[in-house]
Structures are given as structure tokens and as C-alpha cells.
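# Next comes the sequence, and after it the predicted model I'd like to discuss.
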Number of protein chains: 2
Amino acid sequence: MKHGIVLFGHGSRDPAWRAPMDAVALRVAQRAPEATVACAFLELQAPDLPSAVDQLVREGVDAIRVLPMFLGVGRHAREDLPVILQEIRAQHPGLALEVLPAVGEQPALLDLMAELALAR
Amino acid sequence: MKHGIVLFGHGSRDPAWRAPMDAVALRVAQRAPEATVACAFLELQAPDLPSAVDQLVREGVDAIRVLPMFLGVGRHAREDLPVILQEIRAQHPGLALEVLPAVGEQPALLDLMAELALAR
């Protein structure tokens, strides 16, 4: 299988906003050079998630893992994302699509943010 | 000195959105029981940062550390927050106010998100 990893964030009108996502994408690419890494956005900037997936599929990727980069777990992560994923699955029935819990739901990240709040 | 720690996030109309912030606040309170921990929001929910700081000062806190919980570093973190901090400093000249880099600017957090994207 050819693997793709998509970092999925909110998006912003401010072009500098995505810098941390690009920094994570670079780290992922360094650690998993065999995978194709992409960023995708819910709104305000391109590409959206379906477009990013289409592009990876065109490049021959047949297994995609999505990491939702949302700190708060509200409507975007709980309601918008499942609808988008359903559309992608309908569009690409042969694709192995795995979606991780949003970063804000991952205990290791919550632990680390608490450490950062207290670091001397 | 009596210490306060404020987790400062974007805010959302969705009440469930703040759950990860509350989870971090709980972890901070458990690890630093001597500190007073609060959450504050840029918009869409209360309290805002000046109100949270006012409340801590009323409780006798004289040293506050703020952790901006923004994954993307755009206008909110770069422009809105400094203006708010300036107002708070003018309002509370005796307060020791420390502001950490936003979580999205902290290399340890970027490393961890890359690990999460790749975890098996």
C-alpha cells in the first residue's frame, strides 16, 4: 500500500497561521519518508480535505490517515468532519481511510500542554 | 507570591468545545495545587482574559502566567493577544504577568503531534 498522511486544520485568512501545521508536516515527512504528507483545511484556505485526498489518490496513495488538528472539540470536529469524511468515502470506495481522534482529545497532548503551562 | 495560571483559548459557541481546555486545567491544578488555575477565551464565550485576570487578582493572585492555547499562529495570537495584554498591564501595574509562547509555537508540541500522526 502507498500511504498518505493528511493534517487537517481549521484554516485562516492569515497566511502565517498554518506555519505550525507545516512544521508538523515536515516532522512527519522526516520520520516517515515513505509516506506522502499533506495539509488540508476546513475553511478560509485551500486545499479542503476532499481536494487534498483527491490529489493523494491521483499520486497513487491508497491508504490515508487523517489527523484532525483541533484543540477544542466542537462542531467542526464532531459534526463537520464526519460529513466531509462520508463524502470522501463515497467518492473513493477503495481507499483505506483512517481518522485519528482530534489532537485535543488525545491524553498525551493534554498532558504536554499541562507541562508547558508549568514549565520553569 | 500567589500564583495564577490562565489557559487562554479561542472560544466557541459550542459548550463542548472547551472540554480539552478544562482537561488541561484539571491536570495543571493537580500538579500545582498551590496555584489558582482559570480558563479564558478570546471570543464567543466567557470569561474573556481581562475578566479572568481581574478575578484572580481579587482572589489575591499577584503573579499570573498565561498559556495561549492556539495551534495556528495567526492574527489572534500575534495581534489580538498583545493588545489585550497591554490593557491588562495598564489595569494591573503591580501584577507580574508572564505570557508563554502559543502552544503551536512550542517545538515539544509539534514533535508530539508528528508522533500522533504516525502512531501505530
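Here it is on my side, so go on.
# hey, let's count contacts and neighbours off CA atoms from now on
Fine.
# Do stretch A:68-88 and chain B come into contact?
Yes: interface with chain B: stretch A:68-88 contributes A:69, A:70, A:71, A:72, A:73, A:74, A:75 (Cα under 8 Å from any Cα of the partner chain).
# Pull up the distance across that stretch, start to finish.
15 Å (Cα to Cα, to the nearest Å).
# Now it: buried residues?
Within stretch A:68-88, the residues that qualify as buried by neighbour count (16 or more other Cα atoms under 10 Å in any protein chain shown) are A:68, A:69, A:70, A:71, A:72, A:73, A:74, A:76, A:77, A:81, A:85, A:88.
# Next, the closest residue to the second one other than its chain neighbours: phi, psi?
Looking back up the chat, that one is residue A:69. Excluding its sequence neighbours, the residue lying closest to residue A:69 (Cα to Cα, 6 or more residues apart in numbering or on different chains) is residue A:9, at 4.9 Å. Note on residue A:9: its backbone torsions stand at phi -120, psi 180 [degrees, to the nearest 10].
# For residue A:9, list the residues it contacts.
A:21, A:39, A:40, A:41, A:42, A:68, A:69, A:70 (Cα atoms under 8 Å, 6 or more residues apart in numbering or on different chains).
# Identify the residues contacting the least confident helix or strand in chain A by mean pLDDT?
Ranked by mean pLDDT, DSSP states H and E, the weakest helix or strand in chain A is helix A:75, scoring a mean of 85. Helix A:75 is contacted by residues B:14, B:17 when judged by Cα under 8 Å, 6+ apart.
# what does the average pLDDT come to for the helix or strand that that helix is followed by?
Next along the chain after helix A:75, taking DSSP states H and E as the criterion, comes helix A:81-91. Helix A:81-91 shows a mean pLDDT of 96.
# And helix A:81-91, what does it pack against?
Helix A:81-91 makes packing contacts with helix A:49-58 when contacts are defined by 3 or more Cα pairs under 8 Å, 6 or more residues apart in numbering or on different chains; DSSP states H and E.
# any bit of the helix it packs on sitting next to chain B?
No: contact of helix A:49-58 with chain B is not found when judged by Cα under 8 Å from any Cα; the minimum separation is 15.9 Å.
# got the angle for that helix vs helix A:81-91?
40 degrees (axes from the mean of the first three to the mean of the last three Cα atoms, to 10 degrees).
# Show me the shaky parts of chain A.
By pLDDT under 70, chain A has no low-scoring segment.
# in it, which spans are strands?
A:3-9, A:36-41, A:63-68, A:96-99 (DSSP state E).
# mind checking which of the ones you listed is nearest residue B:17?
Comparison of these against residue B:17 by Cα to Cα identifies strand A:63-68 as nearest, at 14.1 Å.
# could you give the angle of the closest one to helix A:49-58?
150 degrees.
# Packing partners of strand A:63-68?
strand A:3-9, strand A:96-99, helix B:107-118.
# Give the buried residues for it.
For strand A:63-68, by 16+ other Cα under 10 Å, it's A:63, A:64, A:65, A:66, A:67, A:68.
# Run the chain-centre distance for it.
6 Å (Cα atoms, centre = their mean, to the nearest Å).
# Given it, what are its sheet partners and their directions?
Under the criterion DSSP bridges, strand A:63-68 sits next to strand A:3-9 (parallel), strand A:96-99 (parallel) in its sheet.
# what angle separates that strand from strand A:36-41?
Using the same axes, to 10 degrees: strand A:63-68 against strand A:36-41 is 40 degrees.
# Pull the residues that contact strand A:63-68.
Contacts for strand A:63-68 (Cα under 8 Å, 6+ apart): A:1-9, A:53, A:77, A:95-103, B:116-117.
# Just the buried subset of the residues you listed, please.
Neighbour counting with 16+ other Cα under 10 Å marks A:3-9, A:53, A:77, A:95, A:97, A:99, A:101-103, B:116-117 as buried within these.
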